[in-house]
Structures are given as C-alpha cells and as structure tokens.
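Visitor: Just a sequence and a predicted model for now, questions to come.
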Amino acid sequence: MYTLEKITFLTEQYNQLIPITQAVRDVAARSQIRSGWVGVVTLHTTTGILVNERVECLEVDIQEALERLVPEDHPYMHARILPSYGSTAGNPTGHLKSMLTGNHCLFPLHEGEMVMGEAQEIYFCEFDGPARRTVVISVLGE
Amino acid sequence: MSLVIDIHTHPAFFEAINADEERLHLRQTCLGLYKTGAAPLAHIFNQMKYAGIDRLGLLPLDLTTTHGVELVSNAEIHHLVSLAPEKFIGFASVDPRRKDAVEVLEYAFGELKLSGLKLHPAKQKFYPMDEGLDAVYACCLRHNKPILFHAGISLQPDAPSQYARPEHFEAVALRYPRLRMCLGHFGWPWVVETAALLLKYPNVYADTGLLYFDSAREFYQHVFTRTLGQHWVDRSLRHQVLFGSNNPRFEQIRMVEALHTLGWRASTLELVLGGNALEFLG
C-alpha cells in the first residue's frame, strides 16, 4: 500500500525551524498502514528537513552554525536577475543551507507506530521566508 | 521608528484578485514575471511584518490601448484596499491614450478614493511631456494627488526605455511645479540624471526600487555610495527619496535591510523609510 499527503503552511521568519513530527505521525496514522516506511520530503530548494533534538538551545545552535557556514554577506554568484524568472535571485544562502540539511527524512513504521528515538524531532527548515511551503509525507508498506 | 512605507509594490499576484488562472498567466507573461505565483494576503502580511513594513503602495496597470487589457484594474486595487485599509495605499492607473482617461481618473479619485496615480511611460508608450497628458496632470492637481512614474529601464517585455529617461520628466516638473511626482527605480541606470532633477525640482521625488545586479546590499552600496556621491542623499536629497521595493520583481526584505547599511543619518533613514512617502502622498 502507498499513501501520499501534502501539508501546506505559511512560514513567518526568514530562517525558521518548525517542528512537524506530530503532523507526520498524523499522516502515518491516517494511512492505516501497519509496517513500512514514512518519508518526509520538502518540495522547495531553499528549505530543508532536519532531524534533531527539540530544545531551544540546540535550535539556536543549529541556526547559528548554519549562519557561520553560510553568511549573508558574501559575494555569491546567485545574486542577480534570473531571466527565466524575470526577478532577482537573492536567496543563495537559502539554497546552500538547504544543501546542508537535505530535503528529506525517512522513518520505519512498525505495528502502526513510527520508530523514532526519544529525542528525535522532525523539523521543517525555512531558509528564505516568509513563504508558502509544502511538504509531502508518503507512507509505503502493508 | 515612525511608519515604514514601501511605496512601490505590484499586487498583480495577490490571490485575492487572481481567481482566474488565465488572468494570472496573462499577468506573468505581460509583466515578465514568468514564475511568480499567486500569494495569499496572509503571506503578504507575514512578509511585511518580518521586514518591518507597515504599509504598501499598490500599483495597478491600465494597458487598454497598447495591449487591450487592464492588467490590474483600479477596481481591483480598490477591492484590495478594502480588505486591509490599514495596510494598503491604493494607486490608480489610466492609459493616457484612452479617450475617457480623465473620466476614469475622476472616478478613481472621487469614487474609489485612490491615493495617487501610477503611470508607466515605457509600457504605456508615451512621452511624459506629451501635450495629451496635460488633462491627466491637471486632474491630479485638482485632486491634490501625486504621480508615481516608472522611470529608467523596464524589465517588462515590450517596454522600451526611450520613453522613460529621467530627462523627459524635467519638462513636466517645470510646467507643473505643484505636481508631486516620483521617478520609480531612481530612473536607473540614469540615476545621476535623476539626482540632478531632485536637486533642482522640489516637487520631484525618486524611489529606491532598483536591484538590477548583485545582492541588495551590494547594489545599493554601488548606486548610493559610488555612482552617486556617498553623502548626496543624506545631505541634499533626504526629503525626496522614498523607499520602494518593486516587489515581487525585487527583494523587499533584503532591500529594507540594505538601506540600513548606507551610512545615512538615522533621521535620513526615517524620512526615506516612511516620512517622505507621507509628504509625497499629501
């Protein structure tokens, strides 16, 4: 069996970590699949999916580490008018942070429950907000 | 900090006026914003809040005689303003070659209560000093409404910049010294010409909707500290420069941030970010 749901939401900050574990669990439960895999994928190139511990200090550390690796003030090449869009490409940091976090995560589903470590939280990472974003959650199994 | 106003935004892609997919596609191709999608007002408000912007100037575009369409109509602007009157400042548009141009404008100012006029010489294909425009300018004066002109190069298709060189606006400023007029995009690339007009004519303003190369920070540094003298705005033009982003073509959030890096006095920044817009709007 296979199910797929999309969740769409508005982000409010330029850089923002949004916990989405519960939304993913809800989709897994609605699927009625007992054993298999749950995949979470962002549909954007300036966002990410990240798994880490949900404590404020780590959320700050993660954001600050990404900012050190990908500073705003740098002569990136992706800072110009893109003719195919007709608008400015001013979000190189979003693309590069997205590259660092990756665009997806995967968890096993066993006896109808997602198998997650006690400290693990799934985050949607906004790196070029505010924006309207969509995440795909698919469940594959039986 | 007083009110922050982005005087130059294009609401063509606001979801509230994009129920029709065909109209959205027409806007994408006609404006040359090929991948811009419809945005809900909640998203627009999130952007404003994050950027610290209190109000947006919403600009329509009447292309009746050149392209056979009101790309964004005055009625649509009126509707958007009615949805968030505390956030939106609605401008009118009129194709100046329309035979009923003055009637359209009288209705826009008198009935729709729009706050100013947007004219786009490059897209609407007219020279600002054409005598045919006199009735339009007179109408603005009668209603004490300012005009925001597109000036300089336009990235829209079929919009030759020959009509929008800053030098063409001097005759209008001279003929109508009480008409408040703003040259959008600072007339880029002819920004020195624009600065010269601002220096001479107190009724001429310019907005900061220019981001044609580089990042916002780099381009503003280039234009406002090297192409123009580093102190020109801060010392001489501080009452005539308005913050405008030209969103969604340019980067509203990063442009606000970039204005803070130009070394202007705090009082100058306050004028540019909002005080001058209030004066301009009357």
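Guide: That came in fine, so what should we check first?
Visitor: And for whichever residue of the stretch 101-250 of chain B sits closest to chain A, the neighbour number?
Guide: Residue nearest to chain A within the stretch 101-250 of chain B: residue B:215 (4.2 Å; Cβ to the nearest Cβ). C-beta: built from backbone N, CA, C; applies to glycine. By the criterion of other Cβ atoms under 10 Å in any protein chain shown, residue B:215 has 27 neighbours.
Visitor: Tell me which residues touch the residue of the stretch 1-150 of chain B found nearest chain A, please.
Guide: Closest to chain A within the stretch 1-150 of chain B is residue B:46: 3.7 Å, counting by Cβ to the nearest Cβ. Contacts of residue B:46 were listed using Cβ atoms under 8 Å, 6 or more residues apart in numbering or on different chains, and they are A:10, A:11, A:12, A:129, A:130.
Visitor: and those residues as CSV, adding neighbour count and secondary structure?
Guide: As requested, the contacts of residue B:46 are arranged in CSV below (neighbours: other Cβ atoms under 10 Å in any protein chain shown; DSSP: H, G, I helix; E, B strand; the rest coil):
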residue, neighbour count, secondary structure
A:10, 17, strand
A:11, 22, coil
A:12, 18, coil
A:129, 24, coil
A:130, 23, coil
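Visitor: Kindly identify which of these also come near chain B.
Guide: Residues shared between the contacts of residue B:46 and the neighbourhood of chain B are A:10, A:11, A:12, A:129, A:130 [Cβ under 8 Å from any Cβ of the partner chain].
Visitor: For these, could you give me TSV that also reports pLDDT?
Guide: Rendered in TSV, the data for the ones next to chain B among the contacts of residue B:46 read as follows (pLDDT from 0 to 100):
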residue	pLDDT
A:10	98
A:11	98
A:12	97
A:129	96
A:130	97
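Visitor: closest to chain B among those residues?
Guide: Closest to chain B out of the ones next to chain B among the contacts of residue B:46 is residue A:130 (3.7 Å), distances taken as Cβ to the nearest Cβ.
Visitor: So which bits of chain A are right by chain B?
Guide: Along chain A, the residues adjacent to chain B under the rule Cβ under 8 Å from any Cβ are A:10-14, A:73, A:75-76, A:79-81, A:84-88, A:90, A:129-132.
Visitor: Mind checking what helix or strand follows the lowest-mean-pLDDT helix or strand in chain A in sequence?
Guide: The least trusted helix or strand in chain A, going by mean pLDDT, DSSP states H and E, turns out to be strand A:87-89, with a mean of 92. Helices and strands here follow DSSP states H and E; after strand A:87-89, the next one along the chain is helix A:92-101.
Visitor: That following helix: what's the following helix or strand?
Guide: Per DSSP H and E, the first helix or strand lying C-terminal to helix A:92-101 is strand A:104-110.
Visitor: which residues in chain A form strands?
Guide: Ranges of strands in chain A, per DSSP state E, are A:2-10, A:16-19, A:36-42, A:47-53, A:80-82, A:87-89, A:104-110, A:113-114, A:120-126, A:132-141.
Visitor: Which residues outside the fourth one are in contact with it?
Guide: With Cβ under 8 Å, 6+ apart as the contact definition, strand A:47-53 has outside contacts at A:17, A:40-42, A:58, A:62, A:94, A:97-98, A:100-105, A:119-128, A:133, A:135.
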